[in-house]
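Chemist: next input, structure requested:
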Amino acid sequence: MPSTVKSWFTNLQRMVYALLSLGLCVLLTAQPALGLNDGKQLVLESWQLVNEGYLDKSRFEHVQWRRLRQLALEKQIDSSEDAYKAIEAMLIPLGDPYTRLLRPQDYEAMKASNLGSEINGVGLQLGARADDGKIVVIAPLEGSPAADAGVVSGTELITVNGESPRNLGLEATAARLRGEIGSSVLVKIQPPNEEPQEITLERRSVDLRPVRTRRLRNESHTLGYLRITQFSEGVPQQVAEALQELSEKGIEGLVLDLRNNSGGLVSSGLAVADAFLSNQPIVETKSREGINDAIPAQDGMLYKGPMVTLVNGGTASASEILAGALQDNGRSQLLGSRTFGKGLIQSLTTLRDGSGLAITVASYLTPNGKDIQGLGIKPDRILDMPEPLDPGGSEDRWLQDAQLIIGANLDRKGLEEISVQENNEKDIKGVSYKEIASEVTPSLPSTESKKIVPPQSQ
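Modeler: Numbering: from 1, shown residues only. Predicted coordinates:
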């Protein structure tokens, strides 16, 4: 991991460890007076961690945070499940679906996903809308049962096996969708601008394959295609290997595809940004103490050539950090549709019984200070709807558009070089470079489009 990224996360870890130590001190001093059993100690530990690290501390007064701790400890807590329910009841009034408890099984599943291994389930990446708290699909995993069934970004989950996702919460809803291979789950969904429908999805093993690459060739240019579907632990190394392979094949430009990349490890996203930027700001973070200095990229780049980047409503979190950095630094045009808009960062702490506690500790801004949370990122060029349902496939019209655009950029660069060279000797018969360049600007095929409202962020 680059030193700048490592330093930032080391500081974040230190803060979390300090909070955890403080929480344990409180427990040790309070236990004799309160006679806390293991379950109540877990509740108090969770309360203390949130109290010391949560981003929006103004919420505490609004929800009577200390009173919520008292009510939780007054409950009959004789088991781990009792403690989990008490913690969840305590967190709900904060109104932040990303500050949440993860039961041991769910915590292990999340860690496995971040390692880039296979998962067993239906392949839905979920988020919660900020305006109404409803659980929606950020993106289906490629090659998953959900993708095969045609589930699209922005689809609302109404029920999962008859249970309301809004009542279950984000993590419990995700847990209901996972299960043994071959088993089924009945979900009621409402796609954007369509009527609700019920579908049955059969769970299976889904290979995450976060990095996919190939060479694109036409009559004029040889381009590279790099698709990143999530930012798990091994992705930066896989991206480095893919870029080296493409460079050895003599590519003239690169299409980076971040569509339906719902994020993952922020550290992984920052490390990938290092591959395309040099000594340039990647992202600013805002904690409860204020805005911190921007995290810069390392000196040097793995890929220095021309590039364009595809994004859509399923581009969220860590992938928005990368897209925003490329756009604000003028490194790459963004093509597609507005991104999802998840601009919050969570710390993840392992609790004493093997469960996990995710706490929203910061938000992030693009290098130019644009807030992503609730807004997303607007591409430099909006591509025609309807959006292709097979990213990277043979019928992917947006990828074809991206090839036209980067090809035109390469042609324009070539004309500029010729113009500079010939203008040193003579005029080009009275015709300006701008007039020549305008002849190679691509006119993308127009298609009949329908208005699709991008999913609201959380």
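
Chemist: middle-most residue in this protein, spatially?
Modeler: Nearest residue to the geometric centre of the chain (CA atoms, centre = their mean): G263, 2.2 Å.

Chemist: I'd say it and S317 touch.
Modeler: Yes - G263 lies in contact with S317 (CB atoms under 8 Å); the separation is 2.7 Å. C-beta: built from backbone N, CA, C; applies to glycine.

Chemist: identify the contacts common to the two.
Modeler: Counting by CB atoms under 8 Å, 6 or more residues apart in numbering, the common neighbours of G263 and S317 are 269, 342.

Chemist: ok, back up a step: looking at per-residue confidence, what score does the residue nearest to the centre of the chain get?
Modeler: pLDDT for G263: 85.

Chemist: what's near enough to touch it?
Modeler: 230-231, 269, 316-320, 342.

Chemist: filter the residues you listed down to the ones in helices?
Modeler: 269, 318-320 (DSSP state H).

Chemist: where's E142 relative to V308, distance?
Modeler: According to CB to CB, to the nearest Å, E142 and V308 sit 20 Å apart.

Chemist: more neighbours: those two, which one.
Modeler: Shown here are E142 and V308; by other CB atoms under 10 Å, V308 has more neighbours (25 against 21).

Chemist: just the element for that one, please.
Modeler: Assigned by DSSP states H and E, V308 belongs to strand 307-311.

Chemist: is the nearest residue to A297 once chain neighbours are set aside in a helix, a strand, or coil?
Modeler: Spatial nearest neighbour of A297, chain neighbours left out: L277 (3.8 Å); criterion: CB to CB, 6 or more residues apart in numbering. The assignment at L277 comes out as coil when based on DSSP: H, G, I helix; E, B strand; the rest coil.

Chemist: gap between L277 and A323?
Modeler: Distance of L277 to A323, given as CB to CB: 12 Å.

Chemist: tell me which of the two has more neighbours.
Modeler: The neighbour comparison of L277 against A323 (other CB under 10 Å) goes to A323, with 28 against 22.

Chemist: which pLDDT value belongs to the more buried one?
Modeler: According to the prediction, A323 has pLDDT 97.

Chemist: one more: the one 5 residues further on?
Modeler: At D328, the model reports a pLDDT of 97.

Chemist: residues contacting it?
Modeler: D328 neighbours (CB under 8 Å, 6+ apart): 281, 366-368, 370.

Chemist: so how far is Q280 from it?
Modeler: Applying CB to CB, the value for D328 to Q280 is 9 Å.

Chemist: what sits in contact with each of the two?
Modeler: Contacts common to D328 and Q280, judged by CB under 8 Å, 6+ apart, are P367.

Chemist: quick one: the residue nearest to A297 and S332 touch, right?
Modeler: No - when contacts are counted by CB under 8 Å, L277 is not listed as touching S332 (9.9 Å).

Chemist: give me the common contacts of the two.
Modeler: Residues touching both L277 and S332 (CB under 8 Å, 6+ apart): L326.

Chemist: pop the domain breakdown of this structure in here.
Modeler: Domains of the chain are assigned by automatic domain parsing as 3-53+57-95, 120-206, 211-346+360-400.

Chemist: now the last one: how far from the chain's centre is it?
Modeler: By that I understand domain 211-346+360-400. Put simply, domain 211-346+360-400 sits 10 Å off its chain's centre (CA atoms, centre = their mean, to the nearest Å).

Chemist: end to end, how far does it reach?
Modeler: Length of domain 211-346+360-400, first residue to last, CA to CA, to the nearest Å: 20 Å.

Chemist: picking that back up, the strand holding V308 pairs with which strands, and in what direction?
Modeler: Strand 307-311 pairs in its sheet with strand 253-257 (parallel), strand 333-336 (parallel), by DSSP bridges.

Chemist: ok, and for stretch 287-307, which residues are buried?
Modeler: Using 16 or more other CB atoms under 10 Å as the burial criterion, the residues of stretch 287-307 that qualify are 292, 294-298, 301-303, 305-307.

Chemist: send me it as CSV with only the CA atoms.
Modeler: Output in CSV follows, covering the C-alpha atoms of stretch 287-307 (Å, rounded to 0.1, in the frame of the first residue of the first chain):
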residue,chain,number,x,y,z
SER,A,287,-14.1,14.2,10.2
ARG,A,288,-16.0,15.6,13.2
GLU,A,289,-12.9,17.9,13.8
GLY,A,290,-13.1,19.4,10.3
ILE,A,291,-11.6,19.0,6.8
ASN,A,292,-8.3,17.3,6.7
ASP,A,293,-5.5,17.9,4.1
ALA,A,294,-6.0,16.1,0.8
ILE,A,295,-4.4,12.6,0.5
PRO,A,296,-1.9,12.9,-2.4
ALA,A,297,-0.9,10.3,-5.0
GLN,A,298,2.6,8.9,-4.9
ASP,A,299,5.3,10.2,-7.3
GLY,A,300,5.1,8.4,-10.6
MET,A,301,2.3,6.6,-12.5
LEU,A,302,1.9,3.0,-13.7
TYR,A,303,-0.1,4.3,-16.8
LYS,A,304,0.6,7.7,-18.3
GLY,A,305,-1.3,7.5,-21.5
PRO,A,306,-4.7,8.9,-22.6
MET,A,307,-7.8,7.5,-21.0
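
Chemist: average pLDDT for that stretch, rounded please.
Modeler: Across stretch 287-307, pLDDT averages out at 89.
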